[in-house]
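Novice: Here you go, sequence then predicted model.
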Amino acid sequence: MTLATGQLELFTSDNTNVITQIPTTKPKVISLFCGCGGFDYGFHQAGYHIVFANDIDSAVEKTYRKNLGEITIKDIKEIDKNTLPDCDVILAGIPCQPFSSAGNRNSVNDERGGLFQQVIETIKAKNPQIVVFENVRGFLSAKDENGLKMPDRIALEFKKIGYKLYFQLLNASDYEVPQNRYRVFLLGVRNDLSLAYRFPFPIFKKANLVVKEIIEKPLPLDEEKDVWDLSPQALHLAKFIPPGGSWKNVPDEELPDRLKKIRQNIKKYRSPNFYRRFNLDEIMGTITAAATPEHSGILHPLENRRYSVREIARFQSFPDDFKFVGCTTAQKYKMIGNAVPCRLAFHLAKSIKLQYFSDI
């Protein structure tokens, strides 16, 4: 269907498509902990204007500049929040490790958890209508230093500064992302905006999200295959793992001693599924920043290698004209794995725009 300028195709909970008008003025966004720009790119696609972006990792600088524009590489603690441009929305992909179920589960007193307070200072200084946080699934059960669950703690902190909190666990594959990736999104709405936020309905069109659809696409004409080599051990084990398989397919005599020990008492180790290799007709699992074959499904189904940079970028729904430049191959895997999937960000941004910015 061809849409007229200023129109947008939406989907309801029963997958019925409707056409609606969208606003033409661009809401202004400040993006904190922006990384290479997955979150920002989705908002850009939805018609927002990124007026300030910040990250501490210099490896993302050239990629962000090439695809999105200006970025300030600086510790957020060293930034005077009052000098930032005015904005309508603040995005904050706070580093997730303090709240991860695989991490040490410290809270806002953790050095990285304390970055939340830097976001609060930014909110106080700029008073945006909307604030959006993204974090890992474990955030829902993580607790602060007083034993209060983190969503409740965030809600209390937001209430102090005049915002209502809404949060929901979303799966990226419900929003046109070829990856089963569960993340918590928290949305703060300024008290003077009376409308309660409604998260976007899932889009039930998953036939084109399977691994086969991603890896069979040719590379962009201006790119060569960029692949981070496997370790000798991972390369050896991969030879025994079929599409859809894992380390459980590897003969005992081929396993390293550590994995033999785990296999001998697999219930004790909660039946881990190391060296997962997704099949062609499956939706990819979570792309991680570490990209380790032992702990993620990073193994290509048909070749004994990791997925290439472009392949994992596609799993994260980055378009092929989004280029990763100015850093090592390993750094590209990390920045892509850390990103919010672009299409998920787009659908979230679109829902916010229609609910709160349709009259600007």
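Specialist: Alright, I've got the coordinates.

Novice: quick one: which helix or strand includes Lys164?
Specialist: strand 163-171 (DSSP states H and E).

Novice: strands paired with that strand, and their directions?
Specialist: strand 182-190 (antiparallel) (DSSP bridges).

Novice: Let's see the pLDDT reported for Asn67.
Specialist: If you check Asn67, the pLDDT there is 98.

Novice: Can you mark which positions in stretch 55-70 are buried?
Specialist: For stretch 55-70, the neighbour count (16 or more other Cβ atoms under 10 Å) marks Asp55, Asp57, Ala59, Val60, Glu61, Lys62, Thr63, Tyr64, Asn67, Leu68 as buried. Using the backbone N, CA and C atoms, a C-beta is placed for each residue, glycine as well.

Novice: can I get those residues in CSV with distance to Leu32 and secondary structure?
Specialist: Listed next are the buried residues of stretch 55-70 as CSV, based on distance: Cβ to Cβ, whole Å; DSSP: H, G, I helix; E, B strand; the rest coil:
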residue, distance to Leu32, secondary structure
Asp55, 8, strand
Asp57, 13, coil
Ala59, 17, helix
Val60, 13, helix
Glu61, 15, helix
Lys62, 19, helix
Thr63, 17, helix
Tyr64, 13, helix
Asn67, 18, helix
Leu68, 14, coil
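
Novice: quick one: which of these is nearest Ser317?
Specialist: Asn67 (13.8 Å; Cβ to Cβ).

Novice: Name all residues that make contact with the closest one.
Specialist: Applying Cβ atoms under 8 Å, 6 or more residues apart in numbering to Asn67 gives the contacts Cys36, Gly37, Tyr41, Phe322, Lys323.

Novice: measure the residue nearest to the fourth one when sequence neighbours are not counted to Pro243 for me?
Specialist: The shortest distance from Phe322 to any non-neighbouring residue, by Cβ to Cβ, 6 or more residues apart in numbering, is to Asn67 (5.2 Å). For Asn67, the distance to Pro243 under the criterion Cβ to Cβ, to the nearest Å works out to 32 Å.

Novice: for Ser351, same thing?
Specialist: In this structure, Ser351 and Pro243 are 36 Å apart, going by Cβ to Cβ.

Novice: the more surrounded of those two?
Specialist: Ser351 (18 against 15; other Cβ atoms under 10 Å).

Novice: Just the element for that one, please.
Specialist: Judged by DSSP H and E, Ser351 forms part of helix 342-356.

Novice: Just list what that helix packs against, helices and strands only.
Specialist: Under the contact criterion of 3 or more Cβ pairs under 8 Å, 6 or more residues apart in numbering; DSSP states H and E, helix 342-356 touches strand 7-11, helix 38-45, strand 130-136, strand 182-190.

Novice: ok, back up a step: nearest to Ala125, out of the buried residues of stretch 55-70: which one, please.
Specialist: Nearest to Ala125 among those, with distances taken as Cβ to Cβ, is Asp55, at 18.8 Å.

Novice: hang on, the closest one packs against Asp75?
Specialist: No: applying Cβ atoms under 8 Å as the test, Asp55 and Asp75 come out as separate, 9.9 Å apart.

Novice: Neighbour count and pLDDT for the contacts of Asn67 - can I get that in JSON lines?
Specialist: Formatted as JSON lines, these follow (neighbours: other Cβ atoms under 10 Å; pLDDT from 0 to 100):
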{"residue": "Cys36", "neighbour count": "33", "pLDDT": "97"}
{"residue": "Gly37", "neighbour count": "30", "pLDDT": "97"}
{"residue": "Tyr41", "neighbour count": "27", "pLDDT": "98"}
{"residue": "Phe322", "neighbour count": "20", "pLDDT": "98"}
{"residue": "Lys323", "neighbour count": "16", "pLDDT": "98"}
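
Novice: Appreciated, that's everything.
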